[in-house]
Structure formats: structure tokens, C-alpha cells
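Engineer: coords please:
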Amino acid sequence: MLSRSSMAMAAALLMGSSAMTFAANDGQSRANQLLSDPDYRQAWQKVVTKEERLPEWVMNLSGSAEQMNAVTEDGDPYLVGPLCETQDSCAKKRLIVAVSFDKQHAYALLVEVPENLPADKSPTRHADFRYLGKPEAGMQALLKEQLKKDPNWY
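Structural biologist: Numbering: from 1, shown residues only. Sure, this is the predicted structure:
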């Protein structure tokens, strides 16, 4: 049986080598580029085909995206990053996407803030949160934590 430190080191090595393999030309992966990989496309299709009334930009992972980051959830490595329909719409509608390095699993958190919310009101308290891909509690926490990293989210 492997010790915790051996498992942690193996996970770190796996994440490092997988990240280098996944990162193509500029070393940066973005959610709006994932569907160019057939395996990620298949994983994402499993998520969106079971959902109703999703916007096109969510279904197609199209729009404005920032660099994704490698994180670990329950010992498994994932790429996680934000996506918005447009850069200007991020304050009101955004998607936090997580895909496994092995390209088998995809999850997301769709966050929608009411259009008429006054600027002095906290978006956290008024937003609708919709999880895609049926993430377990640990993945839900990871997706919400990624959202909290945005300095404009309070």
C-alpha cells in the first residue's frame, strides 16, 4: 500500500506531465478551446445532452475565456477555468468549467446574476447557481472556490 506522501508525489508527477502534454502552443489552455479535442468534446457532450435550456455559448463552450489552471480534487487532476459569453457579460453570466486530465469527466457551474441587480448589492447573495454534470460535493466546492477567486465576486 502506498503512503500518503507517495500518493501525493505520484499525483504531482502525473499533473505535471499531463499539464505539459495538454498545453499546446502557448502553454495556456482555455475552456473555449477544449472542444477542439475529440475526447474533451465527447466528455462535454455527455454533460450538455442531459441538460435543458442551456445557452448556446454554454453548450458550445464558445465565448471569452481565461487561462485554465491545474487543480486536484479527491486525488484526481483537473483543468479548471472560467468562460463567459462575452467579456462584458461576465459580471452577470459565467461558467466555471472543470475537465479531468484523462478526458473522461467534465463538470461546470453556471452562475447567473439578475440583470437589474444594483451595483451595491452582493452578486453572491442574489445569483442562481446551476451545476452541470452532476458533480459530487467535493467538485461543487472546488467550482465555487474557483468562482470566489475572482476579485469582482463578493
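Engineer: K134: neighbouring residues, count only.
Structural biologist: 10 (other C-beta atoms under 10 Å). Placement of C-beta: from N, CA and C, glycine included.
Engineer: what's near enough to touch it?
Structural biologist: Contact analysis of K134 by C-beta atoms under 8 Å, 6 or more residues apart in numbering lists Y107.
Engineer: same thing with P82?
Structural biologist: Applying C-beta under 8 Å, 6+ apart, the residues contacting P82 are 31, 65-66, 90, 94-97, 146-147, 150.
Engineer: out of those, which is most surrounded?
Structural biologist: For those, neighbours tallied by other C-beta under 10 Å; top is V97, 30 neighbours.
Engineer: Could you look up the SS state of V47?
Structural biologist: Under the three-state scheme (DSSP: H, G, I helix; E, B strand; the rest coil), V47 adopts helix.
Engineer: If you tally nearby residues, what's the number for it?
Structural biologist: With other C-beta under 10 Å as criterion, V47 counts 21.
Engineer: A108 contacts F129, correct?
Structural biologist: No - judged on C-beta atoms under 8 Å, A108 makes no contact with F129 at a distance of 10.9 Å.
Engineer: The two: which has the busier surroundings?
Structural biologist: Shown here are A108 and F129; by other C-beta under 10 Å, A108 has more neighbours (27 against 14).
Engineer: how far does the strand or helix carrying the more buried one sit from the chain's center?
Structural biologist: According to DSSP states H and E, A108 maps onto strand 106-112. In terms of C-alpha atoms, centre = their mean, to the nearest Å, the centre of strand 106-112 is found 7 Å from the chain centre.
Engineer: and it, what other elements does it pack with?
Structural biologist: Judged by 3 or more C-beta pairs under 8 Å, 6 or more residues apart in numbering; DSSP states H and E, strand 106-112 is in contact with helix 38-48, strand 93-100, strand 128-132, helix 137-148.
Engineer: Any idea what L109 is bridged to?
Structural biologist: I96, Y131 (DSSP bridges).
Engineer: What is the burial count for it?
Structural biologist: Neighbour count for L109, taken as other C-beta under 10 Å: 24.
Engineer: And the closest residue to L95 other than its chain neighbours, which helix or strand is it part of?
Structural biologist: Nearest-residue entry for L95: L83, 4.5 Å, with adjacent residues in sequence omitted and distances by C-beta to C-beta, 6 or more residues apart in numbering. For L83, the host element (DSSP H and E) is strand 76-84.
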